[in-house]
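Peer 1: Below are the sequence and a predicted model; questions follow.
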Amino acid sequence: MKAEPILVVRHVSKSFGNCQVLDDVSFSLSRGEMVGLIGASGSGKSTLIRTIAALTPIDREKDKGAPCSIHLFDQAIQKNGCVTRAAAGLRSRVGVVFQQFNLVPRLSLLMNVCLGLLGRMSVIPATFGYFTQDQKVSAMTALKRVGIAEHALKRGSQLSGGQQQRAAIARTLVQNAEIIIADEPIASLDPSSARRVMDILADLNKRDNITVLVSLHQVEYAMRYCPRTIALKGGKIIYDGPSSALTPEFLSALYGAESEELFLPPIESYAATIQTGAKSMPDAAVANGHLAALDQQRAAINGARHLNS
Ligand SMILES: Nc1ncnc2c1ncn2[C@@H]1O[C@H](COP(=O)(O)OP(=O)(O)OP(=O)(O)O)[C@@H](O)[C@H]1O
């Protein structure tokens, strides 16, 4: 039996002025899939995610006969250049996690997670942020699920980047989101926090059957966590299939020189950077990952020396 499509994107294009950012993008996701969205910087990943959440309107159709729309749960959220009336209701079933700015800095973590309930609350309690005991309990349960319940009373501004991302995921849990769309949720995290966030998304996908679409800068994460990957280049889908096919050779054939951006750089380049004292660490998160790998190598060498002595 074919799984139910939960998201259907048809012939979606998006231009900002003369700059076409998405070009006739079509794909669908079935309930329970975990799909990576990859592409070099500027390929249109964030724009695509924003159009799915109806935060950015899509372009009107150019050719008659190729209707452009985005459907969630069998209802249009965008159609032919317009966000539909159903959008507000549909958005409450979609959890969106951004790369940054996920939390209100002055509110406690608990309150930040409770905000996920706003879309399902009546106007007065929602306006004044009155949450019931049951709602706070459900927020605490979500915080436990993502492993940060002990920080519930800290302000959003006091949390680390990884904790903030986990809080954003907890918010999608209290929201009862059926699909999570995450826009580079690990881009500014160190490798262990990045893995933690990806582990949580994978766990929600497997155990709760929540559909996940996650945009990622590094293909390694897509290969490790997402059975299927959609690859964008210049606003077009250039690959949609099993992540296991995304070998360096295949990506190089798809992207040419741009493919280098999608892989973690070799460890040696960081070793050289450290030895020469060069100041340009291209990406702290990536560099930290390689430093951790170097530390592991050193520990292994020291361990071997110890055994041999
Ligand atoms: N509101 C906007 N107005 C004008 N141009 C925009 C706007 N939003 C995005 N763009 C342009 O659209 C292109 C795609 O941007 P987008 O953020 O979708 O790419 P991306 O693949 O997510 O990149 P990155 O990995 O660097 O975040 C870029 O050239 C960007 O400058």
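Peer 2: Here it is on my side, so go on.
Peer 1: okay, CA-based contacts and neighbour counts for the rest of this
Peer 2: OK.
Peer 1: Quick check, residue 117 in contact with residue 174.
Peer 2: Yes: at 6.3 Å, residue 117 counts as touching residue 174 under the criterion of Cα atoms under 8 Å.
Peer 1: show me where pLDDT drops low in the stretch 51-200 of the chain?
Peer 2: For the stretch 51-200 of the chain, applying pLDDT under 70 flags the ranges 63-65, 119-129.
Peer 1: Which of the three states applies to residue 240?
Peer 2: The assignment at residue 240 comes out as strand when based on DSSP: H, G, I helix; E, B strand; the rest coil.
Peer 1: so what's the most centrally placed residue in the chain bridging to?
Peer 2: With distances taken as Cα atoms, centre = their mean, residue 182 lies nearest the centre of the chain, 2.5 Å away. According to DSSP bridges, the partner residues bridging residue 182 are residue 97, residue 214.
Peer 1: check contacts around whatever residue of the stretch 151-300 of the chain ends up closest to the ligand.
Peer 2: Residue of the stretch 151-300 of the chain nearest the ligand, by Cα to the nearest ligand atom: residue 217 (6.3 Å). Neighbouring residues of residue 217 by Cα atoms under 8 Å, 6 or more residues apart in numbering: 38-41, 184, 187, 261-262.
Peer 1: mind redoing it with 6 Å?
Peer 2: By Cα atoms under 6 Å, 6 or more residues apart in numbering, the residues touching residue 217 are residue 262.
Peer 1: For residue 87, see how far away it is.
Peer 2: Counting by Cα to Cα, to the nearest Å, the gap between residue 217 and residue 87 amounts to 28 Å.
Peer 1: same deal with residue 155?
Peer 2: Taking Cα to Cα as the measure, residue 155 falls 31 Å from residue 87.
Peer 1: How about residue 199?
Peer 2: For residue 199, the distance to residue 87 - Cα to Cα - is 30 Å.
Peer 1: Pretty sure residue 20 sits in a strand.
Peer 2: Yes: the assignment for residue 20 by three-state DSSP puts it in a strand.
Peer 1: Apart from its chain neighbours, what residue comes closest to it?
Peer 2: residue 14 (5.9 Å; Cα to Cα, 6 or more residues apart in numbering).
Peer 1: who has more neighbours, residue 199 and residue 87?
Peer 2: Between residue 199 and residue 87, counting by other Cα atoms under 10 Å, residue 87 is the more crowded of the two (18 against 14).
Peer 1: Could you pull up the residues touching the more buried one?
Peer 2: residue 77.
Peer 1: Would you mind giving both backbone torsions of it?
Peer 2: Backbone torsions for residue 87, taken as degrees, to the nearest 10, come to phi -60, psi -40.
Peer 1: Look up how far residue 47 lies from it.
Peer 2: From residue 87 to residue 47 the distance is 17 Å (Cα to Cα).
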